[in-house]
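K.L.:
Here you go, sequence then predicted model.
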Amino acid sequence: MTPIENSKSQISESREQLPLSLLNDYLYCPRRAALKLVEGWRSANEHTARGDIVHEHSDLAGYEVVKGATLLRALPVWSERMGLNGKCDIVEVRPHPSSGHPLPSDGRGIGSLFPVEFKVGKRRQWENDDVQLCAHALCLEEMFNASIPCGAVFHADSKRRREVEFTVALRRRTEATVRELHGLMNDQRVPAAVFKPACEACSLYEICLPKATAADSRAERLARSLFQI
């Protein structure tokens, strides 16, 4: 059994369907993902508001035809094997070269499905964005029995696309992150805070309080000292 086949069998052993978007949260900060997944916290700030504006059009379910390609907006996707569900911002359905139809009847045709994820910010590579996009592709491959070699992240601030190839390494990283996310759900445990500069941009900053609750914070040391003999 190959490493990829082995990882697939391990993922298929669970479980509850988890929101695909939490993969992005988990790689940004495991504690953020746990606060959402385990404790049910949600909050908003300037960055989430900008994200809502960026997704305003793509969140409206429907389709349009542009330059011969059908653009599917807010397409629901899922994977029984990985225990994930969510929505693709845009899936470009490109005509199959041999038939001229958007999707061949057997669901095959390299490059016929092309997922696009919308993100706030300038054109820049982030692992969490690439993993989330790859998870979309893995769901689509399972649903349509298709092969999807690449997709793209559209960066709203620069209004530019960044194409992402779904390499073996990225697929493995994505499936490993899925397993870790399910492990977080199964353990029902919120990891300790680790303060870093990116924390202040997090919408859960006031709930997490990373400076006060981090393992090496003065407040945490004082709390531990109360129970020392």
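P.N.:
Ah, there it is. Numbers count the residues shown, from 1 in each chain.

K.L.:
residue ranges for the helices of the chain, please.
P.N.:
Here the chain has its helices, by DSSP state H, at 3-11, 22-28, 30-37, 46-54, 127-144, 168-187, 205-208, 210-213, 218-225.

K.L.:
Give me the contact list for the second one.
P.N.:
Okay, so that is helix 22-28. With contact meaning CB atoms under 8 Å, 6 or more residues apart in numbering, helix 22-28 is reached by 32-33, 36-37, 84, 127-129, 131-132, 135, 174, 177-178, 180-181, 184, 198, 202. Any C-beta I mention is one placed from the backbone N, CA and C, and that applies to glycine too.

K.L.:
hang on, the earlier thing: would you mind giving the helices of the chain as TSV with mean neighbour count and distance to A61 added?
P.N.:
TSV is the format used below for those (neighbours: other CB atoms under 10 Å; distance: least, CB to CB, whole Å):
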stretch	mean neighbour count	distance to A61
helix 3-11	13	28
helix 22-28	22	21
helix 30-37	22	24
helix 46-54	14	16
helix 127-144	22	16
helix 168-187	17	25
helix 205-208	15	31
helix 210-213	16	37
helix 218-225	11	46
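
K.L.:
Would you format those helices as a markdown table with distance to E92 and mean pLDDT included?
P.N.:
Listed next are these as a markdown table, based on distance: least, CB to CB, whole Å; pLDDT from 0 to 100:
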| stretch | distance to E92 | mean pLDDT |
| --- | --- | --- |
| helix 3-11 | 26 | 48 |
| helix 22-28 | 21 | 93 |
| helix 30-37 | 29 | 90 |
| helix 46-54 | 18 | 46 |
| helix 127-144 | 11 | 96 |
| helix 168-187 | 19 | 95 |
| helix 205-208 | 36 | 84 |
| helix 210-213 | 39 | 78 |
| helix 218-225 | 49 | 52 |
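
K.L.:
Quick check: which of these is nearest to F154?
P.N.:
Shortest distance between F154 and those, using CB to CB, is found for helix 46-54: 8.7 Å.

K.L.:
domain parsing for the protein?
P.N.:
Following automatic domain parsing, the chain resolves into domains at 3-189, 192-229.

K.L.:
from memory C139 sits against Q17, does it?
P.N.:
No - using CB atoms under 8 Å, C139 makes no contact with Q17, being 11.0 Å away.

K.L.:
what's the overlap in contacts for these two?
P.N.:
Here C139 and Q17 have 78, 84-85 as joint contacts, going by CB under 8 Å, 6+ apart.

K.L.:
Let's see the PyMOL selection covering just the buried ones among those residues.
P.N.:
With 16 or more other CB atoms under 10 Å as the criterion, this PyMOL line picks the buried residues out of the shared contacts of C139 and Q17:
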select buried, resi 78+84
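
K.L.:
So which of the shared contacts of C139 and Q17 sit within strands?
P.N.:
In this view, the shared contacts of C139 and Q17 that belong to strands under DSSP state E are 78, 84-85.

K.L.:
Reformat those as CSV; add distance to E206 and pLDDT.
P.N.:
CSV is the format used below for these (distance: CB to CB, whole Å; pLDDT from 0 to 100):
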residue, distance to E206, pLDDT
W78, 33, 96
L84, 29, 96
N85, 29, 95
